[in-house]
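*Asks:* Based on what follows, work out the 3D shape:
(2 chains)
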Amino acid sequence: MARKSLIAAVNDAIREEMERDPRVILFGEDVETSLFGDTAGLSAVFGTERVRNTPICETLLTGMTVGAAASGYRPICHMMYGNFIYTGFDAIANQAAKLRYMTGGQITLPLVYIASIGGGKSAAAQHSDTVYPVLMNLGGIKVVVPSTPADAKGLLKAAIRDDNPVVFLEVGGRTGRAAEIPEGEHLVELGKADIKRKGKDVTLVAIGSMVAQATKASAQLAENGIDAEVVDPRSLVPLDKQTIIQSVKKTGYLVVADESRDACSAASYIASIVTDEAFSALKAPVRRVTVADVAIPYAPTLEKAVIPNADSIVAAVNSIMSERNAA
Amino acid sequence: MTRALEANGGPLVTEKSNSIPKSQLSDIYRRMVTIRKAEEAMGDLSLSGELPGPVHLYIGQEATAVGVCSHLADDDWVASTHRGHGHFLAKGGVPREMFAEVFGKATGICRGMGGSMHVADFKRGILGANGIVGGGIGITMGAALGASLDGKGKVAVAFFGDGAANQGVLMEALNVASLWKLPIILVCENNGFSEFSPASTVTAGEIWKRAEAFEVPGVEVDGNDVFAVWETAFAAIYRARSGQGPTLIEAATYRLRGHVEYEHTFLSKPYRTDDEVKQKALSEPLVVFRTHCLENGLLTEHELSAVEADVSAQIAEAIAFAREAPAPAVQQARRFMFA
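*Replies:* Modelled structure (predicted):
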């Protein structure tokens, strides 16, 4: 096993898929220089026909991706920061998500949009959103948010081979921690959650950057005799509802951690599914650990205050398990 | 017609462009009349309440779709607009499949999932009508990128209106198409109106001149004259196929019908006069073509009338087919989101 960062794992995944399939092409702003490093070196391997630097023109790039996919290619469009998906949102929401449906299934659209998401680096309000809540509502877009280098590699390779539009969101940026990646061909099916820590007392569903925080929280909880199960959905569309529901049926308690604003977040959607489908198993209200409905602020003290962490997850668990603990 | 071939003061291509071969004239007329008669029928069906959704008619602009698409093969791409019936039919789309779609039937080209604003036929290179103004430009750029990578001389044509020319994506497309020498032809049909706003109130300067800043040939052509459009498209498509890059064509035409059928039922005030429409109708594409052919002895009145009668029968058959077709099964609403 090799130890690599998530960014290096993404780079490997793109390179392997471009080697495997000549229809895979890559374009985006500065993909040659590569701000995050995830596309570094690929133009030297595959040439500047298949790996293209583009101007800064998100409106065009997202639409061009759709047209390239409709005409037989498997394009990967690098959007750089997640917030720039908003800039190019029209073709994602109105074309990529709908072209197959509104033309009666005549075509497939095998395309991937990649972007880096999340806060924590004082990049402020226009470079720190998680973006996936708005994407989840589009219906025709798969949304992938891996939390580990191994998952990132396996999910991206699967996304590139998928015949549907996929948005692949990277957490951690350049500074993500290295972890082990399996040798050889490594694919992770979209729509399969992963239990990152087995436990029996409370279910922590954590998305993206929150998986590390939930894992940290579970260590703190263990010191107090609470055995937490950490479930990482890995893809939000499709969402592995059954793994989440089964875990809650076992534990009876649910906290969902999501680095998104609370309103219509992935956390609120997951909470509603569980209250619908596992209500009788719940021993307490579901708690959402999310960002308040504010933009991400610049000052480190403020940013730290709004983005959830292990402590806020522990506090949420304690708030719903206090009765059990008192008993 | 010579003006049609002038791009930013210079010739569009050095090779001498042909004119429409006489053997193709009847087919050119058939295509234009097919669009006209289909659209007239569509307007009647809309007003009588038989169609479930809105239709935006192309009447008066037929010469542009036909003049351009006459040069294209099935594996060349076109993307269209919300006013897309003309491009669909000109590129080889089947009338009965189009009517069934607009009726919302299971046998429609999109199985009733898209209706008038989304008629598409990918096997015939039709990337689709599009309900987003300017939405087809980015898609066509992607198809042009694919055609460029294929290296087989295929081209992609984006049809859009003067309204879409004010969307930023046109500037983005001109920039990238020029840098990458993509085989794309950007065809702006200036029909005088951006929905209900006269072009003069929302569009500054001349659209074809916007190409010059990107070192792309920009051409203005009489969009009501199929001979002029055909020649201009010939030159632009030759340029694209031979790897010389994009062209922006502005076809000056006039929208004889409203932005949308039944608009008279909700408009709070008129945006043009009846006299203006009557005046413009004197130089619409079918009048121009008929006059030219008859005056120059290219086609006889008998030949022209025979085409019209034949097309009328075909359109009547297409409508009967669509009317009798089954509605989609309700389960279909949950299909096609994902492959």
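*Asks:* The residue of chain A with the smallest separation from chain B: what secondary structure?
*Replies:* Nearest to chain B in chain A, going by C-beta to the nearest C-beta, is residue A:63, at a distance of 1.8 Å. Quick note: C-beta positions are derived from backbone N, CA and C, even for glycine. With DSSP: H, G, I helix; E, B strand; the rest coil as the basis, residue A:63 sits in helix.
*Asks:* Tabulate the CA atom coordinates of the worst-scoring helix or strand of chain A on mean pLDDT in CSV.
*Replies:* Least confident helix or strand, chain A: helix A:310-326 with a mean of 90, by mean pLDDT, DSSP states H and E. C-alpha atoms of helix A:310-326 as CSV (Å, rounded to 0.1, in the frame of the first residue of the first chain):
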residue,chain,number,x,y,z
ALA,A,310,-15.4,17.4,16.9
ASP,A,311,-16.4,19.4,20.0
SER,A,312,-19.7,20.5,18.4
ILE,A,313,-20.4,16.9,17.4
VAL,A,314,-19.7,15.7,20.9
ALA,A,315,-22.0,18.4,22.3
ALA,A,316,-24.8,17.3,20.0
VAL,A,317,-24.4,13.7,21.0
ASN,A,318,-24.5,14.7,24.7
SER,A,319,-27.6,16.8,24.1
ILE,A,320,-29.6,13.8,22.9
MET,A,321,-28.0,11.1,25.1
SER,A,322,-28.0,13.0,28.4
GLU,A,323,-31.2,11.2,29.5
ARG,A,324,-29.8,7.8,28.8
ASN,A,325,-26.6,8.8,30.5
ALA,A,326,-28.4,10.1,33.5
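*Asks:* so what does that helix touch, helix or strand wise?
*Replies:* The contact analysis (3 or more C-beta pairs under 8 Å, 6 or more residues apart in numbering or on different chains; DSSP states H and E) places helix A:310-326 against strand A:202-206, helix A:210-223, strand A:254-261, strand A:287-291.
*Asks:* let's go with 10 Å and repeat that
*Replies:* Contacts defined by 3 or more C-beta pairs under 10 Å, 6 or more residues apart in numbering or on different chains; DSSP states H and E place helix A:310-326 against strand A:202-206, helix A:210-223, strand A:228-232, strand A:254-261, strand A:287-291.
*Asks:* where does the residue of chain A closest to chain B land on pLDDT?
*Replies:* According to the per-residue confidence, residue A:63 scores 98 in pLDDT.
*Asks:* how much space between it and residue B:141?
*Replies:* According to C-beta to C-beta, to the nearest Å, residue A:63 and residue B:141 sit 7 Å apart.
*Asks:* joint contacts of those two?
*Replies:* B:79, B:169, B:172, B:173 (C-beta atoms under 10 Å, 6 or more residues apart in numbering or on different chains).
*Asks:* Narrow these to those in strands?
*Replies:* Cross-referencing these against strands under DSSP state E gives residue B:79.
*Asks:* now, the most widely separated pair of the shared contacts of residue A:63 and residue B:141?
*Replies:* B:79 and B:172 (15.3 Å; C-beta to C-beta).
*Asks:* if we can go back for a sec, a markdown table please, covering the helices and strands packed on helix A:310-326 and showing distance to residue A:91.
*Replies:* Formatted as a markdown table, those follow (distance: least, C-beta to C-beta, whole Å):
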| stretch | distance to residue A:91 |
| --- | --- |
| strand A:202-206 | 31 |
| helix A:210-223 | 29 |
| strand A:228-232 | 30 |
| strand A:254-261 | 23 |
| strand A:287-291 | 27 |
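*Asks:* Stretch B:320-328 vs chain A: in contact?
*Replies:* Yes - Stretch B:320-328 lies within reach of chain A by C-beta under 10 Å from any C-beta of the partner chain, at residue B:328.
*Asks:* Name the nearest residue to residue B:258, sequence neighbours excluded.
*Replies:* Of all residues not flanking residue B:258 in the chain, residue B:264 sits nearest, at 7.2 Å (C-beta to C-beta, 6 or more residues apart in numbering or on different chains).
*Asks:* count of neighbours near that neighbour?
*Replies:* 9 (other C-beta atoms under 10 Å in any protein chain shown).
*Asks:* Roughly how far does it sit from chain A?
*Replies:* Distance, residue B:264 to chain A, using C-beta to the nearest C-beta, to the nearest Å: 28 Å.
*Asks:* before we move on, what about residue B:126?
*Replies:* Residue B:126 is 9 Å from chain A, by C-beta to the nearest C-beta.
*Asks:* How about residue B:32?
*Replies:* Plainly put, residue B:32 is 26 Å away from chain A if you go by C-beta to the nearest C-beta.
*Asks:* Report how many residues lie close to that residue.
*Replies:* The burial count for residue B:32: 24, using other C-beta under 10 Å.
*Asks:* before we move on, the earlier item: now intersect the shared contacts of residue A:63 and residue B:141 with the helices, please.
*Replies:* B:169, B:172, B:173 (DSSP state H).
*Asks:* among the residues you listed, which are in reach of chain A?
*Replies:* B:169, B:172, B:173.
*Asks:* so what's residue A:84 up against?
*Replies:* Residue A:84 touches A:28, A:29, A:56, A:58, A:61, A:62, A:78, A:115, A:116, A:126, A:127, A:131, counting by C-beta under 10 Å, 6+ apart.
*Asks:* would you turn those into TSV with secondary structure and neighbour count?
*Replies:* Output for the contacts of residue A:84, formatted as TSV (DSSP: H, G, I helix; E, B strand; the rest coil; neighbours: other C-beta atoms under 10 Å in any protein chain shown):
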residue	secondary structure	neighbour count
A:28	strand	27
A:29	strand	19
A:56	coil	13
A:58	helix	25
A:61	helix	28
A:62	helix	28
A:78	strand	26
A:115	strand	23
A:116	strand	26
A:126	coil	13
A:127	coil	18
A:131	coil	24
